Every structure is written in structure tokens, then in C-alpha cells.
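1. Mind looking at a prediction? Sequence and model below.
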Amino acid sequence: MKTLISLFMISIMFLALPKINYAQGEAAVPFLLLAPDSRAGGIGESGTGLADNSAAIFWNPAGIAFLTGTELSITHSNWLPAFNLDLFYDYLTYRTYVEGIGGSITGSITYMNFGEFVRTGPVDPTPIGTFRSFDAALTLGYATKLGTDWGLGFNFRVIHSRLSDEAVGEEEGTGVATSVSFDIAGMWRVSTLNIFGAEFGNRFSIGANLSNLGPKITYIDQAQSDPIPTNFRLGFAFQLISDEFNSLIYTLDFSKLLVSKTTKTVINGNDTSTVSESDEWYQAIFTAWGDQSFSEELRDVVTSMGLEYWYGTPGDFLFALRTGFFYEDPSFGNRKFYTFGAGLRYDIYGFDFSYLSSVESNHPLDDTLRFTIIIGWGSIPDQVRGFPRGI
């Protein structure tokens with residue numbers, strides 16, 4: 001049991017979530033919450049309202065409904081660099097528009113490597129072998145437009161977690177588990193919006209994504225199953241500047257983890273004990289909004305925002321600069337950091353990177369770098385630097 005507990009703690013530690021409340025600390029496979037791509041990583045890990053590249057599979061799959069063409073990307077990052085651990089993740093995405101079905105099909109693979117561990121006996125600490133641990137997810141999706149201004153997206157996901165490949169001692173199960181989940185998302189990207197005589201069509205969007213809806217994941221036995229991290233995101237994006245050579249976009253995201261617990265009192269003879277059980281996902285999407293006071297519910301919402309500036313001619317050479325800020329209340333995680341990033345686009349190729357700098361000194365997330373390589377073809381040129389036009 002100690003081995004599985006240690007591995008489970010490592011699997012949640014990599015997100016650097018020192019939660020005082022129970023929610024994120026008791027959700028399994030937290031790698032599903034990890035902001036996976038460099039572009040959104042550079043704008044404060046906010047992308048739900050923007051969602052205009054293949055990484056929208058994570059942020060808001062409905063955003064892909066407004067895109068044409070085909071895109072392939074891969075992201076790599078060494079995680080928690082301050083700890084010098086063998087932790088890294090890779091994120092592969094693919095999307096392509098299929099005219100015959102009136103939308104885009106999408107796919108992604110997320111892989112989180114926890115490194116190599118030494119196996120010992122239940123009593124004797126003498127090493128008897130080694131094993132590697134990882135989490136992975138395969139996601140398939142579909143996105144389509146509902147009229148001119150509305151997009152709808154769905155994902156289906158298979159989750160596989162391999163914390164330990166053997167049972168330890170008298171344990172009934174191993175540290176290997178598999179589950180499934182799905183996402184549903186919407187996007188409103190208005191094509192015509194006139195405010196006080198100024199036209200903002202194709203420059204403003206609102207997106208929402210309800211992700212990781214699915215059953216609990218079981219490592220040992222059904223009684224010890226853990227919920228997966230169901231999450232709600234609401235995002236906004238506004239293109240402040242748009243001309244022949246310049247584009248400036250502001251993004252703002254709010255997110256909340258929808259994991260909730262029910263406390264029960266168990267009476268056994270003269271003994272009384274309190275037992276906490278995690279709600280099922282179809283309960284938690286409602287109960288997670290009311291298991292605290294109203295002020296605590298507001299403080300439990302994570303806020304992130306960013307700015308992205310593009311210079312260049314769409315379809316030719318483009319250069320981007322990005323910055324952002326991520327805020328989590330001190331009583332609900334206390335992650336606060338600045339992000340910076342840059343990007344290049346030339347012809348069908350692109351490259352992005354992002355850098356994370358924590359507000360607190362010696363934070364484990366400090367100096368986190370993400371690198372993304374992109375290949376995209378067949379899209380309207382404007383799609384590579386912001387909101388698409390003329391679709």
C-alpha cells in the first residue's frame with residue numbers, strides 16, 4: 001500500500017497543487033488538468049475563449065468548428081524543473097476539416113511520464129527491481145458549426161494510469177487503472193457586433209467547456225475509487241487591434257473543479273465515525289457548486305488572463321509575443337504566476353514556446369518551459385494569428 005500511496009502523491013504533486021480543501025487533492029489523474037500547449041501557456045494558461053488551433057481539443061473543442069484545413073502539433077515540457085526529477089509530458093494533437101460531415105474531426109494523445117522507481121518488498125527494503133510509471137490519455141472528437149456564430153464540440157477520452165505494474169503485499173489490485181470520460185463545449189463567435197457605431201464582428205468570442213465527465217477510476221478496489229477531475233471553464237477573447245500587419249488579443253478564463261464529497265455518519269454499536277465519499281460525476285457537476293459558502297465558492301474559481309500580439313502578414317511570416325497571469329486563491333491552492341511566450345509562423349510551419357515565473361520564490365513551477373512545433377495547411381491565412389474571418 002505504501003508504494004501505491006507514494007506514487008499517487010507523486011501523480012498529484014507534479015501539478016504543484018498545495019490544496020487546503022479536498023477537491024483537487026482527492027481527484028485522480030490530475031494530469032488531465034495540465035495546460036498542455038505553449039501558446040495558451042504563454043497567455044496565463046487561458047484559452048477557452050480563443051480556442052483557434054488544434055490545442056482547442058483541451059481548452060474548448062467547439063472553437064475548432066470555426067477552423068478549416070488541417071493541423072498537427074506536438075508539445076514537450078520537463079515538469080517541475082526545480083526538483084530535477086524525471087518528469088515530463090508530451091502532447092500530440094491533430095485536426096482536419098471534412099466537408100462531407102460539415103465539421104472537423106480531432107484527436108490528441110497526452111502522455112505524462114513520472115520516471116523510474118525502485119521496487120522493494122513489503123518489509124525488506126532491499127531493491128528487487130525497477131518499474132516506470134506514467135499517465136496517458138487518448139482523445140477523439142468532433143466539432144461543427146450551428147449557424148454562422150455558434151460552434152459545438154465533443155470529445156471522448158480513454159484514460160490509462162500506470163502507477164505500479166504489480167500488487168504490493170496483500171493488496172487486491174495494482175497501480176494500473178483505466179477509465180473513460182467525455183467533454184462537451186460551446187463557442188459563440190459573433191460575426192456582426194456593432195457597439196456605439198463601432199464594428200466588432202469576428203473580434204469577440206465566448207466559450208464554455210465541461211470536461212472530464214466520467215466514472216471514477218479504480219486502482220485497488222471499488223470502495224477506494226477516486227473521481228477524475230471534472231472541470232468547468234468559461235472563457236472570453238477580444239481582438240483589441242486588427243489591421244494588415246498587427247493583431248492584439250486579450251483573453252480571460254475562469255475555471256472550477258467539479259469534484260464534491262458527501263459526509264456520512266456511520267454508527268456501529270457504540271462507535272460513531274464519519275465517512276466521506278466522493279459524489280459521482282453526474283452529481284458533482286451540481287453539488288460542487290454548493291458544498292461551500294457563496295464566498296468560498298467564488299474564491300475556489302481560478303482566474304487567468306493574457307495578451308497575445310502578432311506582427312506580420314498572414315500567409316507569410318508572422319511573429320508573436322505573449323504574456324499572462326494566473327491566479328488561485330491562497331486558501332484553494334495558492335498558485336500565482338506570470339507567463340511569457342513567443343511564436344513564429346512561416347508558410348505551413350510554426351513554433352511556440354512559453355516560460356512560467358512564479359510570484360513566490362523557490363516555487364516548484366518556476367522556470368517551466370513548454371515547446372510546441374506546428375504544421376498546418378489548407379486554412380484561411382488569418383487563422384494562424386487570431387480569429388478567422390470570412391468563414
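-> Everything's here; your move. Residues are numbered from 1 along each chain as shown.

2. tell me the average confidence for the helix or strand where F114 lies?
-> Assigning secondary structure by DSSP states H and E places F114 in strand 103-120. When pLDDT is averaged along strand 103-120, the result is 89.

3. Over to stretch 49-61?
-> For stretch 49-61, mean pLDDT is 96.

4. before we move on, back to that, so what strands line up beside the strand holding F114?
-> Strand pairing for strand 103-120, determined by DSSP bridges: strand 88-98 (antiparallel), strand 127-145 (antiparallel).

5. and E296, which of the three is it?
-> State at E296, reduced to three classes by DSSP: H, G, I helix; E, B strand; the rest coil: helix.

6. Neighbours of it, how many?
-> 13 (other CB atoms under 10 Å). Using the backbone N, CA and C atoms, a C-beta is placed for each residue, glycine as well.

7. so who does it touch?
-> Contacts for E296 (CB atoms under 8 Å, 6 or more residues apart in numbering) come out as S331.

8. Can you tell me the SS state at N334?
-> coil.

9. All the strands of the stretch 151-300 of the chain, residue numbers only.
-> Assigned strands in the stretch 151-300 of the chain, in chain order: 175-189, 194-195, 198-199, 204-213, 231-242, 246-257, 261-268, 271-278 (criterion: DSSP state E, counting those that start in this stretch).

10. ok now the first one, how far from the chain's centre?
-> Just to be clear, that refers to strand 175-189. Its chain's C-alpha centre and that of strand 175-189 lie 10 Å apart, by CA atoms, centre = their mean, to the nearest Å.

11. State the mean pLDDT of it.
-> On average, strand 175-189 scores 94.

12. ok, now the second one?
-> Strand 194-195 comes out with an average pLDDT of 74.

13. contacts for it?
-> 200-201.

14. so what strands line up beside it?
-> strand 198-199 (antiparallel).

15. So what pairs up with V180 in the strands?
-> Beta-bridge partners for V180, by DSSP bridges, are V158.

16. Run the chain-centre distance for the strand holding F114.
-> Put simply, strand 103-120 sits 13 Å off its chain's centre (CA atoms, centre = their mean).

17. What are the buried residues along that strand?
-> Buried residues in strand 103-120, counted by 16 or more other CB atoms under 10 Å: 103-104, 106-108, 110-114, 117.

18. Out of the strands of the stretch 151-300 of the chain, which gets nearest to Y219?
-> Nearest to Y219, of all the strands of the stretch 151-300 of the chain, is strand 175-189, at 4.8 Å by CB to CB.

19. Hey, what's the angle from the closest one to strand 127-145? Just curious.
-> 20 degrees (axes from the mean of the first three to the mean of the last three CA atoms, to 10 degrees).

20. tell me which residues of strand 175-189 are tucked away?
-> 175, 177, 179, 181, 183, 185-187, 189.

21. Summarise which helices and strands that strand is packed against.
-> Packing partners of strand 175-189 (3 or more CB pairs under 8 Å, 6 or more residues apart in numbering; DSSP states H and E): helix 2-13, strand 150-164, strand 204-213.

22. picking up where we left off before, okay, the buried residues of strand 103-120 in JSON lines with distance to N209 next?
-> JSON lines is the format used below for the buried residues of strand 103-120 (distance: CB to CB, whole Å):
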{"residue": "G103", "distance to N209": "17"}
{"residue": "S104", "distance to N209": "16"}
{"residue": "T106", "distance to N209": "13"}
{"residue": "G107", "distance to N209": "17"}
{"residue": "S108", "distance to N209": "14"}
{"residue": "T110", "distance to N209": "16"}
{"residue": "Y111", "distance to N209": "21"}
{"residue": "M112", "distance to N209": "20"}
{"residue": "N113", "distance to N209": "26"}
{"residue": "F114", "distance to N209": "27"}
{"residue": "F117", "distance to N209": "34"}
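
23. Just flag the most distant two among the buried residues of strand 175-189.
-> Across these (CB to CB), the longest gap, 43.1 Å, separates G175 and R189.

24. strand partners of the helix or strand hosting L307, parallel vs antiparallel please.
-> Element membership of L307, judged by DSSP H and E, is strand 302-312. Take DSSP bridges as the rule and strand 302-312 pairs in its sheet with strand 246-257 (antiparallel), strand 317-327 (antiparallel).

25. which regions of this structure lie under the pLDDT threshold?
-> 1-26, 120-126, 128-129, 165-173, 223, 262-276, 380-391 (pLDDT under 70).

26. now with 50?
-> In the predicted model of the chain, residues 1-9, 12-25, 389-391 satisfy pLDDT under 50.

27. neighbours around the closest residue to G201 other than its chain neighbours, how many?
-> Distances taken as CB to CB, 6 or more residues apart in numbering put T192 closest to G201, at 4.5 Å, once the chain neighbours are dropped. T192: 10 surrounding residues under other CB under 10 Å.

28. what does the one 3 residues further on give?
-> For I195, the number of neighbouring residues by other CB under 10 Å comes to 8.

29. distance of it from S293?
-> To S293, I195 is 37 Å away according to CB to CB, to the nearest Å.

30. Same question for E277.
-> 22 Å.

31. same deal with L87?
-> Going from L87 to S293 by CB to CB gives 36 Å.

32. ok, those two, which is more surrounded?
-> L87 (18 against 9).

33. residues touching the spatially closest residue to the more buried one that is not a sequence neighbour, list them.
-> Counting by CB to CB, 6+ apart, L87 lies nearest to W79, which is 4.2 Å off, once chain neighbours are set aside. For W79, the contact set (CB under 8 Å, 6+ apart) comprises 14, 85, 87-89, 112, 368.
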